[in-house]
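J.: what would the 3D arrangement of this be:
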Amino acid sequence: MTAQMNVPSVLSRTGTVSALTIAAVCGSLLAPGVAPQAEAAAPAPAVKALNVAASKKGSPYKYGAVGPKRFDCSGLTLYAYKQAGKTLPRTAQQQYNKTRHISAAGRQKGDLVFFHSGGRVYHVGIYAGSNKIWHSPKAGSVVKQERIWSKAVYYGRVR
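T.: Below you'll find the model as predicted:
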């Protein structure tokens, strides 16, 4: 046997069970047309919540509104996660208190981004990647994606 063995030749000599072992060790599935399990699974609640928030682009801000047509900041996150099958409390501070706190280095798409001042959380958005969030910023504005503009942020993962 040479070091440059032909893969079909190996498969014909080793059988299906050994082929699956080779695939597991080498990190790829050798059967054409079969998607890896992670790609075939439904999106995680965080990704679904992010997609719901993005779908509300242009919806007007309204203080105290929780959707489906108008939102304040925590109303948008509450609505998006509710559509993803998760329950959040009403205010940004309460949402922060309920999430698992994570570092900036550990943040992922769909995590919540909490803006704070003096230890008090005053605004929340959904992390979209690339240092951007989806949020409903203030009166006179609409749901939109923006860069994170402050270093005074905490990150939380919905459980």
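
J.: quick check: bridge partners of the closest residue to Ser141 other than its chain neighbours?
T.: Distance criterion CB to CB, 6 or more residues apart in numbering; nearest residue to Ser141, sequence neighbours excluded, is Tyr61 at 5.1 Å. The C-beta positions use only the backbone N, C-alpha and C, and glycine is treated the same way. Counting by DSSP bridges, Tyr61 forms beta bridges with Phe71.

J.: measure Tyr61 to Ile102 for me?
T.: From Tyr61 over to Ile102 the distance is 27 Å, taken as CB to CB, to the nearest Å.

J.: quick one, which of those two is more surrounded?
T.: Neighbours around Tyr61 and Ile102, counted as other CB atoms under 10 Å, are more numerous at Tyr61. The numbers are 21 against 15.

J.: still on that earlier bit, contact partners for the residue nearest to Ser141?
T.: Tyr61 is in contact with Arg70, Phe71, Asp72, Ser136, Pro137, Lys138, Ala139, Gly140, Ser141, Val142, Val143, counting by CB atoms under 8 Å, 6 or more residues apart in numbering.

J.: at 7 Å instead, please
T.: The contact partners of Tyr61, taken as CB atoms under 7 Å, 6 or more residues apart in numbering, are Phe71, Asp72, Ser136, Pro137, Lys138, Ala139, Ser141, Val142.

J.: repeat for Ser117
T.: Shown in contact with Ser117 (CB under 7 Å, 6+ apart): Ala152.

J.: bridging residues for it?
T.: Taking DSSP bridges as the rule, Ser117 bridges to Arg120.
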